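> missing the sequence, but the structure's below:
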């Protein structure tokens, strides 16, 4: 493990406690309870830099899906790079798992950007990445941005970090892969996320406002999703369909 002080000043509360998600070492803040074998997500926002352990299976599926897209050429011609963005990366767990766990023979094609507006969360992400870098150094050739100008993105051990409002980050560049994982509803970010996608691209969307999606909070459901649901045994299935329909209509 590298010394964070050789990179920059360690963030407040560092190093916290270690947790292994997938094959990636994660630093949890000391006051956060260690996840169990069946963790539950928080019912309310608990502060910046929080890792939701209940979303670990979703992040695992993201790793598997991106690896499959690279291997089978879903998005670009074989050999061409894929630009991937985690628009709300928080402490950077997802992007570090992309970099650590996708097969090494595919890694050179990934251009990964982690964005977050919170400086404290980004400091944990950068320090975690510095202390536990990928086993293989990734060197990228300079690229032009979507306007044909030389990009000023700096990749350190295969990751580029930036601090912008998520909507600004998404409309500022074009990506073939965008992950949108806010706390609660993704509605306010959907339009910018869809605009940032290349002609052929993948958008990963997470929504944790289950009360609104299932209809148990009718006012929130009507305001965010223009829908009225029935709270019955099909409520969670309906919630997934509602989210998919919202993404589709926003894209249209």
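Perfect, thanks for sending it. Predicted, not measured: the structure shown is a model, and the values here were computed from it.
> so residue 66 makes contact with residue 83?
No - Residue 66 is beyond contact range of residue 83, at 11.8 Å (criterion: C-beta atoms under 8 Å). Every residue, glycine included, has its C-beta placed from N, CA and C.
> what do those two both touch?
residue 177 (C-beta atoms under 8 Å, 6 or more residues apart in numbering).
> which parts of the stretch 1-150 of the chain are strands?
17-21, 24-28, 82-86, 110-115 (DSSP state E, counting those that start in this stretch).
> export those strands to TSV and append columns for distance to residue 50.
Shown next, in TSV, are those (distance: least, C-beta to C-beta, whole Å):
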stretch	distance to residue 50
strand 17-21	13
strand 24-28	9
strand 82-86	16
strand 110-115	16
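> please convert these to a markdown table, extending it with mean pLDDT, mean neighbour count and distance to residue 183.
Shown next, in a markdown table, are these (pLDDT from 0 to 100; neighbours: other C-beta atoms under 10 Å; distance: least, C-beta to C-beta, whole Å):
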| stretch | mean pLDDT | mean neighbour count | distance to residue 183 |
| --- | --- | --- | --- |
| strand 17-21 | 91 | 14 | 18 |
| strand 24-28 | 92 | 21 | 17 |
| strand 82-86 | 96 | 26 | 14 |
| strand 110-115 | 96 | 24 | 15 |
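> ok, which of the ones you listed comes nearest residue 197?
Residue 197 lies closest to strand 82-86 among the strands of the stretch 1-150 of the chain, at 9.7 Å (C-beta to C-beta).
> partner residues bridging the most centrally placed residue in the chain?
In the chain, the residue lying closest to the centroid (C-alpha atoms, centre = their mean) is residue 86, at 3.7 Å. Counting by DSSP bridges, residue 86 forms beta bridges with residue 114, residue 179.
> roughly how far does it sit from residue 74?
19 Å (C-beta to C-beta, to the nearest Å).
> cool, residue 24 as well?
According to C-beta to C-beta, residue 24 stands 24 Å off from residue 74.
> can you check residue 53 too?
For residue 53, the distance to residue 74 (C-beta to C-beta) stands at 29 Å.
> who's more crowded, the two?
Legend: neighbour count by other C-beta atoms under 10 Å for residue 53 and residue 74, higher for residue 53 (21 against 16).
> where's residue 170, which helix or strand?
Remark: residue 170 resides in helix 166-172, with elements defined by DSSP states H and E.
> that helix packs against which elements?
The contact analysis (3 or more C-beta pairs under 8 Å, 6 or more residues apart in numbering; DSSP states H and E) places helix 166-172 against strand 110-115, helix 187-196.
> chain center to it: distance?
With C-alpha atoms, centre = their mean, to the nearest Å as the basis, helix 166-172 stands 14 Å off its chain's centre.
> again, but for stretch 125-135
Stretch 125-135 has its C-alpha centroid displaced from the chain centroid by 16 Å (C-alpha atoms, centre = their mean).
> run through who's touching that stretch.
1-4, 7-8, 10-11, 14-15, 24-27, 89-92, 95-96, 99-100, 104, 107, 114, 116, 156-159, 161.
> got the buried residues for it?
Neighbour-count burial for stretch 125-135 flags 125-134 (criterion: 16 or more other C-beta atoms under 10 Å).
> nearest to residue 228 among those?
residue 125 (39.6 Å).
> residues touching the helix holding residue 170, excluding its own?
Here helix 166-172 has contacts from 85, 87-88, 113, 115-117, 162, 164, 178, 180, 182, 188-189, 192-193, 195-196, using C-beta under 8 Å, 6+ apart.
> could you do stretch 194-206 as well?
Taking C-beta under 8 Å, 6+ apart as the rule, stretch 194-206 contacts 55, 58, 62, 65, 69, 74-76, 85, 170-182, 186, 190, 193, 243, 247, 250-251.
> kindly recompute the last result at 6 Å.
By C-beta atoms under 6 Å, 6 or more residues apart in numbering, the surrounding residues in contact with stretch 194-206 are 62, 75, 170-171, 174-181, 186, 193, 251.
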